[in-house]
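K.L.:
what's the 3D shape of this:
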Amino acid sequence: MPDIRLFDGRDLRRVLGTFVTGVTVVTTTDDEGRFHGVTANSFSSVSLDPPLVLWSQAVKTHSHPVFFKAERFAVNILAEDQIELSKRFARSSQEKFAGIDVDIGSGGVPLLRGCSARLQCQVVSRVPGGDHTIYVGEVHAIDRAEQMPLLRWFSATADICWLIPTIWSTLDNRRIASKLNSPLCGSARGRSSVSSANSTRRWRSPSGALTVQRSPIGSRRQLL
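P.N.:
This next block holds a predicted model:
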């Protein structure tokens, strides 16, 4: 008799969200040379020799047919100041690249500027993974900038939280958690601000070394 599952997809999403990840935008181009990109935190290294990486994409994603057919893709690891870029590519839109300057990589694949790092890859396998497709790519070119990466996790309230680390040695998880779980996402010890336009809360540590942004729950589905 199979085990009875005592959790649903929302519960699993919250548990997986406790694992802090970086944020990437995976880009490619279609047969007509049009650019495509999607925000993903499902990126991971696989092997150093040969140099392999992977990422996964929901089958129901609008751009899935394009990525499934593409032979090349690029992983753009976002920097700490690229939160808005991550939101742009998390949305379903035909204008994701409008007004954005890009570099052109191998096979015409667009490379976003200002990233912490970029990897250009050749697809070596496409593996079914439940409601996702797992893409394994061999890395053919890399570049890296002196930019701190953008990180992401879920808070206890299931909001998306963006952690922008500028001085790693000042990171205090317990203090951050207490600020995130408070109604105002801040206290007298740190500076807190609320934007009514998008209901986003931000908290900056007293030293100014750490900034936390908490986005609305509705954004959660756009990124996973």
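K.L.:
So residue 66, which state does it fall into?
P.N.:
Secondary structure, DSSP: H, G, I helix; E, B strand; the rest coil: residue 66 is helix.
K.L.:
Which stretches in the chain count as helices?
P.N.:
With helices called from DSSP state H, the chain shows them at 9-16, 64-69, 83-90, 173-180, 220-223.
K.L.:
shaky segments in this structure?
P.N.:
Applying pLDDT under 70 to the chain flags the ranges 1-2, 154-224.
K.L.:
what's the domain layout of this structure?
P.N.:
Domain ranges of the chain: 24-144, 153-223, per automatic domain parsing.
K.L.:
what pairs with residue 48 across the strands?
P.N.:
Bridge pairing for residue 48 (DSSP bridges) gives the partners residue 51.
K.L.:
Next one: it relative to residue 130, how far apart?
P.N.:
Separation of residue 48 from residue 130 (Cβ to Cβ, to the nearest Å) stands at 27 Å. Yep, even glycine has a C-beta here, placed from its N, CA and C like the rest.
K.L.:
Next: residue 137.
P.N.:
Shown here: residue 137 relative to residue 130, a distance of 20 Å by Cβ to Cβ.
K.L.:
What of residue 110?
P.N.:
Taking Cβ to Cβ, one finds residue 110 at 29 Å from residue 130.
K.L.:
So which of these two has more stuff around it?
P.N.:
residue 110 (22 against 9; other Cβ atoms under 10 Å).
K.L.:
Contacts only, for the more buried one.
P.N.:
27, 29, 35, 37, 74, 97, 102-104 (Cβ atoms under 8 Å, 6 or more residues apart in numbering).
K.L.:
again, only this time at 10 Å
P.N.:
Residues near residue 110 by Cβ atoms under 10 Å, 6 or more residues apart in numbering: 25, 27-29, 34-37, 74, 76, 97, 100-104.
K.L.:
Tell me what it is bridged to.
P.N.:
Residue 110 forms beta bridges with residue 104, as assigned by DSSP bridges.
K.L.:
Mind giving me the ChimeraX command for buried ones among the contacts of residue 110?
P.N.:
What follows is the ChimeraX syntax for the buried subset of these, where burial is set by 16 or more other Cβ atoms under 10 Å:
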select :25,27,28,29,35,36,37,74,76,97,100,102
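K.L.:
right, and out of the contacts of residue 110, which lies closest to residue 115?
P.N.:
Comparing those against residue 115 with Cβ to Cβ places residue 76 closest, at 4.7 Å.
K.L.:
mind listing what that closest one touches?
P.N.:
Residues near residue 76 by Cβ under 10 Å, 6+ apart: 23-27, 37, 39-40, 43, 82, 85-86, 89, 102, 110-119.
K.L.:
Likewise for residue 106?
P.N.:
72, 74, 120-122, 140-141.
K.L.:
The residues you listed into JSON lines, with extra columns for distance to residue 15?
P.N.:
JSON lines is the format used below for these (distance: Cβ to Cβ, whole Å):
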{"residue": "72", "distance to residue 15": "34"}
{"residue": "74", "distance to residue 15": "30"}
{"residue": "120", "distance to residue 15": "33"}
{"residue": "121", "distance to residue 15": "29"}
{"residue": "122", "distance to residue 15": "34"}
{"residue": "140", "distance to residue 15": "35"}
{"residue": "141", "distance to residue 15": "36"}
